[in-house]
Structure formats: structure tokens, C-alpha cells
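[1] 3D model of this:
(2 chains)
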Amino acid sequence: EPEITQTPSHQVTQMGQEVILRCVPISNHLYFYWYRQILGQKVEFLVSFYNNEISEKSEIFDDQFSVERPDGSNFTLKIRSTKLEDSAMYFCASSIQGISEKLFFGSGTQLSVL
Amino acid sequence: AQSVAQPEDQVNVAEGNPLTVKCTYSVSGNPYLFWYVQYPNRGLQFLLKYITGDNLVKGSYGFEAEFNKSQTSFHLKKPSALVSDSALYFCAVRDMAPGGFKTIFGAGTRLFVKA
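    Now for the predicted structure:
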């Protein structure tokens, strides 16, 4: 089965620093997402991205967050000034099409903000 | 707003016994429902989905789920549990609001299968 690649697998940063989480979605997929999971519990939606623009974002996705797909393959999540509460596992996901399609998830980036 | 609820934080079952992981949903309109599984240190993996049609949906690894409109439930089932089924299971619903693109996940149910 096709896989999504996420890098790095672990990221430790100091509060206030910028981090960029990277993802290579599956090549023929059109919809891209970021989710996060805190302490192995609830999976929270952050943002969806389609046709090179944000299609929906949650309340969590404030001005400190941004996404882009700079080269048509990589899909990145940037947190401009990290807070302690940003510590979580961040998952990139993608789907071939829209609402009826399953999501494919990467293995995640564990972000620890100290 | 669309939502799903998983009333059990944890389900314990003996290997070989049938298992059920419960999920109820709240949606406006017809629901698009999913089950995903998460193994330790891994991303979520798709198990099965209900879009329309037969209320009994079959998925990966011998799992199935029954869509019940009157009870607004979508319980995950397996006739005979394996130790390797031990994992975290998430019920999910696709947001059908205009312009909605997200999948909304339940809180998850941890399944322990004892040998």
C-alpha cells in the first residue's frame, strides 16, 4: 500500500522557536491534511489543503500556523513561535479525492516543546 | 455539527471471543462513517467505511461494522479476536457541511485482547 513520508520523526524545540514539519503525500492524491494527537488520545483536525490553498481550518490553526506545498510534492506545516501546548504528535494525511474517500496517514512527527 | 462518540475508553476481550467496539454518531443528512486503527508509534490506518447501501460493511483484517440508522450507531465487530488486534480504534465521520473537508474522529477506544 502507498505510504506517506513524514520528517523528522522527532523534533525537540525551545518555546518561541519556529518549526517546520514535512510530509511527502502519495503522488496522485489531491487533498492534504494535518492532524495532531496529544498524549496518544484524541485526533484533532488542524487544516485541509486542496488546489494549492487552505480549504478549511480549525480553531487550533491560528496565525502561528501555516501550510504550503512549495514544489508540488512536499507539504509542510510551519509553527512560527511554538508554545508548550503545541507538544503533540502531528500527522500528515492525504486522500485521492474528497468526502467519501479514506485518509492515508503518515507515521507522524512527535513535537516536544521545552 | 457532525460528531461521533465512543462511549468506552477501553474494551477487554479474550482471544477467540467476539469483540465489539461501540460508536454512535450525530450528523445532519446522510453520514459518511469510517473506522481507523492505530498501532503503537504509527499513523492511523483505514479499516472500513459506510457510505450507502448494505448496512453491514466488511473491512480489513476480518473486521466488520453495522450501520444502524434508528440507533445512530456504527459499531465495529469481529467474530474472533486475535492478540494482534490489540490497538487503539477510532470511529470517524466525514464533515458534510458546505465547504467542509475534514474527517472528525472520536476519542478512541483502546482494545486489549488477552491470550
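
[2] state the distance from residue A:101 to chain B.
    Plainly put, residue A:101 is 9 Å away from chain B if you go by Cβ to the nearest Cβ, to the nearest Å. For glycine as for every other residue, the C-beta is placed from the backbone atoms N, C-alpha and C.

[3] contact partners for the closest residue to that residue other than its chain neighbours?
    In this structure, residue A:101 finds its nearest non-sequential neighbour in residue A:95, 4.3 Å apart by Cβ to Cβ, 6 or more residues apart in numbering or on different chains. Residues near residue A:95 by Cβ atoms under 8 Å, 6 or more residues apart in numbering or on different chains: A:29, A:30, A:31, A:33, A:101, A:102, A:103, A:104.

[4] most neighbours out of the residues you listed, which is it?
    Neighbour tally across the contacts of residue A:95 (other Cβ atoms under 10 Å in any protein chain shown): the maximum, 27 neighbours, falls on residue A:33.

[5] wait, that residue touches residue A:104, no?
    No - Residue A:33 is beyond contact range of residue A:104, at 10.0 Å (criterion: Cβ atoms under 8 Å).

[6] which residues are common contacts for these two?
    Listed as contacting both residue A:33 and residue A:104 by Cβ under 8 Å, 6+ apart are A:93, A:94, A:95.

[7] quick one: which of those is nearest to chain B?
    Nearest to chain B, judged by Cβ to the nearest Cβ, of these is residue A:93 at 7.7 Å.

[8] element containing residue A:32?
    If you go by DSSP states H and E, residue A:32 is part of strand A:31-37.

[9] how far away is residue A:55 from chain B?
    Applying Cβ to the nearest Cβ to residue A:55 and chain B gives a distance of 5 Å.

[10] quick one, strands of the chain?
    As the question left the chain open, I've gone with chain A. Using DSSP state E, the strands of chain A run over residues A:5-7, A:10-13, A:19-24, A:31-37, A:43-50, A:53-57, A:65-68, A:75-79, A:88-95, A:104-105, A:109-113.

[11] nope, chain B please
    B:3-5, B:10-14, B:19-21, B:24-26, B:33-38, B:44-50, B:56-58, B:64-68, B:73-78, B:87-94, B:103-105, B:109-114.

[12] mind listing the strands the strand holding residue A:32 pairs with, and their directions?
    Sheet pairing for strand A:31-37, assigned by DSSP bridges, gives strand A:43-50 (antiparallel), strand A:88-95 (antiparallel).

[13] returning to that earlier point: mean pLDDT for the strands of chain A - can I get that in CSV?
    Conversion of those to CSV gives the following (pLDDT from 0 to 100):
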stretch, mean pLDDT
strand A:5-7, 94
strand A:10-13, 97
strand A:19-24, 96
strand A:31-37, 94
strand A:43-50, 93
strand A:53-57, 91
strand A:65-68, 96
strand A:75-79, 97
strand A:88-95, 95
strand A:104-105, 94
strand A:109-113, 97
